[in-house]
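Asks: I'll drop the sequence and a predicted model, then ask my questions.
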Amino acid sequence: HCVPPGCHPVSPFKTGGRRSEGQTTGRAGEMSALAAVKAALANPPYGATKEAKVASAKTVGKALGGVPDKEIEGVVMGLEAEEQAVLMKYVYRGLEASDGQQSSTLMLRWHGVLTEKAGMGLISRVLSEPDTL
């Protein structure tokens, strides 16, 4: 599930002119907020090197930061349960490695919506799972 050495992951923000089924675009060449977050969450790097996990977390952080506040709830509701769990893991990672108040505020915003929509069981599940990001 990791990106092989020497390969560079594709940005979740650009579609390269091609769209998968279900992806919609806003401005030309950009995915919808939901599609960008789903793309960033795909293939989480469980068991990968620290560098791969950091790169993946940065990609997810960029995707989350690109979602307007008014769209966060819709994005969360558009995610499958497993994607919500992966997202919560990234939120906790982001809070651990927070590089400032802006990052913490962003992660806490997503945490609040995830908890409200997916319930407290999501927190228990994520904290009890051995796979970390």
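Replies: Yes, it's here.
Asks: Quick check: the residue nearest the centre of the chain vs residue 40, distance?
Replies: Central residue of the chain (CA atoms, centre = their mean): residue 60, 3.9 Å from the mean position. Counting by CB to CB, to the nearest Å, the gap between residue 60 and residue 40 amounts to 5 Å. (C-beta placed from N, C-alpha, C; glycine too.)
Asks: Please work out how many residues are found near residue 70.
Replies: 7 (other CB atoms under 10 Å).
Asks: hang on, the earlier thing: residue contacts, the residue nearest to the centre of the chain?
Replies: 37, 40-41, 87, 90, 94 (CB atoms under 8 Å, 6 or more residues apart in numbering).
Asks: Which of the residues in stretch 94-108 are classified as buried?
Replies: 94, 103, 106-107 (16 or more other CB atoms under 10 Å).
Asks: any idea which helix or strand carries the nearest residue to residue 118 once chain neighbours are set aside?
Replies: If the residues on either side of it in the chain are set aside, residue 118 comes closest to residue 84, at 4.9 Å by CB to CB, 6 or more residues apart in numbering. Per DSSP states H and E: residue 84 is located in helix 81-96.
Asks: Buried residues in that helix, which are they?
Replies: Judged by neighbour count (16+ other CB under 10 Å), helix 81-96 contains these buried residues: 83-94.
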